[in-house]
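Participant: Need coordinates for the following:
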Amino acid sequence: MSIVPAEAVSAKVRRAQAADARAGSGAAAPLAPRARLLPALAAVYRAQLSRARVARIPLLFVATFQSVGIMVLMRGVVDGGAEARAVVAGSSVLVVAFVALNLLAQYFGQLRAGGGLDHYATLPVPPAAVVLGAAGAYASFTVPGTVVTAVIGSVLFGLPLTHLWVLAAVIPLAGAALAGLGAALGLLAPRQELATLMGQLGMSAALLLGVLPAGRLPEPIAYARDLLPSTYGVEAMTRTFDTHPDWPAVALDLVVCAVVGVASLGLATWAYRRAAVR
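Facilitator: Residues are numbered from 1 along each chain as shown. The predicted structure is shown next:
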């Protein structure tokens, strides 16, 4: 029977101890740093855009057809003037509300109910990147429908097309405000069905308070109109149909819309953190 030298045994022991030390140090190694906001935001935006691309054509058709149909119906009631400007502006922004508020509330409600938030929670991305990326992807689909609705409405009511370039500011600002609200509704709803219900109610509020002329609303409801984030985008667009637009007032409406958008997206980010830890 062969005898193993003591030196060989001690060498094996030292190698085993060294391997254990390396394994222990590896387990205690710090994790990789979290991704920065902008690269993470771009990655989430591309992923969400690719995911929702399949439903883009039906989505655009439904949102645009709905708003154009409302304008056709209102054409029999409103002849022109300030009321016509309000109908066209409100119907155009309603396309944004349909997607950014209604569908995004349903998406985040479904994501929470199906455990999708657990997947995002394991990724080294800031919560704001998840919220902003999804909101931006959904809001991107509203651009063609909003432009088409604004052009058709302007022709239908005989309004000038000169200043429709203001949509370049109205769409992202109103979209941010409504998307933040929609995401917050979906994340705070205790059940998926309630998220869908609140998204539908929010879009109905955008329809009632945004499309109908403010002068025809009862006074208590007219006050509630000021609480709707998209109202300021509608007001900004409405002013641009004037022969000589009041540009300082337009800029003020857009600034208010931007502030509300930042606040609603901040609320959605807080709601995401709250929902992700549960």
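
Participant: these two touch, right, Met71 and Gly153?
Facilitator: Yes - at 4.9 Å, Met71 and Gly153 qualify as touching, with contact defined as CB atoms under 8 Å. For every residue, glycine as well, the C-beta is placed using N, CA and C.

Participant: Compare these two and say which one has the larger neighbour count.
Facilitator: Gly153 (26 against 23; other CB atoms under 10 Å).

Participant: Which residues are in contact with that one?
Facilitator: 68, 71, 87-88, 91-92, 159 (CB atoms under 8 Å, 6 or more residues apart in numbering).

Participant: Quickly note the distance from it to Gly90.
Facilitator: 10 Å (CB to CB, to the nearest Å).

Participant: Now do the shared contacts for Met71 and Gly153.
Facilitator: 87-88, 91.

Participant: quick check, nearest of the residues you listed to Ala179?
Facilitator: Checking these against Ala179 by CB to CB gives Ser91 as the nearest, at 18.9 Å.

Participant: Restricting to C-alpha, output the helix or strand containing Gly199 in PDB.
Facilitator: Assigned by DSSP states H and E, Gly199 falls within helix 192-206. Taking Å, rounded to 0.1, in the frame of the first residue of the first chain, the C-alpha atoms of helix 192-206 are listed here in PDB:
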ATOM      1  CA  GLN A 192     -56.400  44.300 -13.800                       C
ATOM      2  CA  GLU A 193     -60.100  44.800 -14.400                       C
ATOM      3  CA  LEU A 194     -60.000  48.100 -12.400                       C
ATOM      4  CA  ALA A 195     -57.100  49.300 -14.400                       C
ATOM      5  CA  THR A 196     -59.000  48.700 -17.600                       C
ATOM      6  CA  LEU A 197     -62.100  50.500 -16.100                       C
ATOM      7  CA  MET A 198     -60.100  53.500 -15.000                       C
ATOM      8  CA  GLY A 199     -58.400  53.800 -18.400                       C
ATOM      9  CA  GLN A 200     -61.800  53.800 -20.100                       C
ATOM     10  CA  LEU A 201     -63.100  56.400 -17.600                       C
ATOM     11  CA  GLY A 202     -60.100  58.600 -18.200                       C
ATOM     12  CA  MET A 203     -60.500  58.500 -21.900                       C
ATOM     13  CA  SER A 204     -64.200  59.300 -21.500                       C
ATOM     14  CA  ALA A 205     -63.200  62.300 -19.400                       C
ATOM     15  CA  ALA A 206     -60.900  63.400 -22.200                       C
END
